[in-house]
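> just to be clear, the model below is a prediction. Sequence and coordinates:
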Amino acid sequence: MTIGVLVVDDQAMVREGFSVLLGAQSDIEIVGEAADGRQALALVAERRPDVVLMDIRMPVLDGLAATRRVVAADAHARVLILTTFDQDEYVYRALRAGASGFLLKDAPARQLADGIRIVAAGEALLAPTVTKRLIRTFTRPAGHGADGALPPVARLGELTERETEVLVLIARGLSNAEIAAKLVVAESTIKTHVGRVLEKLGLRDRTQAAVYAYETRLVTPPG
């Protein structure tokens, strides 16, 4: 299956570079390029990409606002944030808004292509060391999130013991296969548990589940 990718960045050279690198992959097709969030929204509606490769700081409509609108308008498209270390707060807010993960802009071409495949498959793409720092820095005491909102902590009580265990392991960065191996069950069983966790907590994907687990203090970052 070919993965349709929309590249969104306000710098033409960056867009063209990513398009050339990704277009060389046999299973990835560049379906469009956008210079700002507003253009991205129009192209998402027109081209129906599988993955939106989204910069954060852009004119007209920034990547954070664009991510929020893409997620609200199109349940199919997954947003992969491109960032640098000085944009941590924006990344955290984008993850809470529904982005499926993030990559640093200086990531090697192979890592970028693999990241797109991971996100397109419905998995979360969270670089563990950066993610821990993000969560430690931007989660708030008493369960308040980075934007001041209070996550629905009471919903944790709706989860079964096994579903809670799965949520903890998601937050610790384990894939479905790794969780299945750790709990000694079939990977298909874990997929079912993940689906139920997302449904009960009203979350879009694994990334939001990980953020939720930290913000409700079900899991606490080390250090």
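Yep, that arrived. Numbers count the residues shown, from 1 in each chain.

> for the longest helix along the chain, buried residues please.
Ranked by residue count, the top helix of the chain under DSSP state H comes out as helix 187-201. By 16 or more other Cβ atoms under 10 Å, the buried positions in helix 187-201 come out as 190, 193-194, 196-198, 200-201. The C-beta positions use only the backbone N, C-alpha and C, and glycine is treated the same way.

> cool, and stretch 13-23?
Residues 15, 18-19, 21-22 are the ones in stretch 13-23 that count as buried (16+ other Cβ under 10 Å).

> mind putting those in CSV, pLDDT included?
As requested, these are arranged in CSV below (pLDDT from 0 to 100):
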residue, pLDDT
15, 92
18, 91
19, 92
21, 90
22, 91
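
> out of those, list just those in helices.
Judged by DSSP H, helices contain the following of the buried residues of stretch 13-23: 15, 18-19, 21-22.

> after the worst-scoring helix or strand of the chain on mean pLDDT, next one along is what?
Ranked by mean pLDDT, DSSP states H and E, the weakest helix or strand in the chain is helix 128-138, scoring a mean of 58. With elements assigned by DSSP states H and E, the helix or strand that comes after helix 128-138 is helix 161-171.

> from the contact counts, what lies against that following helix?
Using 3 or more Cβ pairs under 8 Å, 6 or more residues apart in numbering; DSSP states H and E, the elements in contact with helix 161-171 are helix 176-183, helix 187-201, helix 206-215.

> specify which member of the buried residues of helix 187-201 is nearest to residue 111.
Using Cβ to Cβ, residue 194 is the member of the buried residues of helix 187-201 that sits closest to residue 111, with 24.2 Å.

> in this protein, which residue sits furthest out from the middle?
Residue farthest from the centre of the chain, counting by Cα atoms, centre = their mean, is residue 184 at 26.8 Å.

> show the contacting residues for the residue nearest to residue 196 when sequence neighbours are not counted.
Of all residues not flanking residue 196 in the chain, residue 163 sits nearest, at 5.9 Å (Cβ to Cβ, 6 or more residues apart in numbering). For residue 163, the contacting residues are 193, 196-197, 200, by Cβ atoms under 8 Å, 6 or more residues apart in numbering.

> now the longest helix of the chain: how far from the chain's centre is it?
In terms of Cα atoms, centre = their mean, to the nearest Å, the centre of helix 187-201 is found 17 Å from the chain centre.

> cool, and stretch 178-196?
Remark: stretch 178-196 is offset 20 Å from the chain centroid, using Cα atoms, centre = their mean.

> who touches it?
Residues outside stretch 178-196 that contact it (Cβ under 8 Å, 6+ apart): 162-163, 165-166, 169-170, 174, 176-177, 206, 209.

> ok, now stretch 101-117?
By Cβ under 8 Å, 6+ apart, the residues outside stretch 101-117 that reach it are 3, 5, 14, 18, 21-22, 25, 27-28, 51, 53, 80-85, 91, 94-95, 118-119, 124-127, 130, 207.

> got the CA positions of it in PDB?
Extracted in PDB, the C-alpha atoms of stretch 101-117 (Å, rounded to 0.1, in the frame of the first residue of the first chain):
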ATOM      1  CA  GLY A 101       4.200  12.000  17.000                       C
ATOM      2  CA  PHE A 102       7.200  14.100  16.100                       C
ATOM      3  CA  LEU A 103      10.600  14.000  14.600                       C
ATOM      4  CA  LEU A 104      13.500  16.400  14.700                       C
ATOM      5  CA  LYS A 105      14.200  18.300  11.500                       C
ATOM      6  CA  ASP A 106      17.700  17.000  11.300                       C
ATOM      7  CA  ALA A 107      16.600  13.300  11.400                       C
ATOM      8  CA  PRO A 108      18.200  11.100   8.700                       C
ATOM      9  CA  ALA A 109      16.100  10.300   5.600                       C
ATOM     10  CA  ARG A 110      15.700   6.700   6.600                       C
ATOM     11  CA  GLN A 111      14.400   7.700  10.000                       C
ATOM     12  CA  LEU A 112      11.900  10.100   8.500                       C
ATOM     13  CA  ALA A 113      10.600   7.500   6.000                       C
ATOM     14  CA  ASP A 114      10.300   4.900   8.800                       C
ATOM     15  CA  GLY A 115       8.500   7.500  11.000                       C
ATOM     16  CA  ILE A 116       5.900   8.100   8.300                       C
ATOM     17  CA  ARG A 117       5.300   4.300   8.000                       C
END
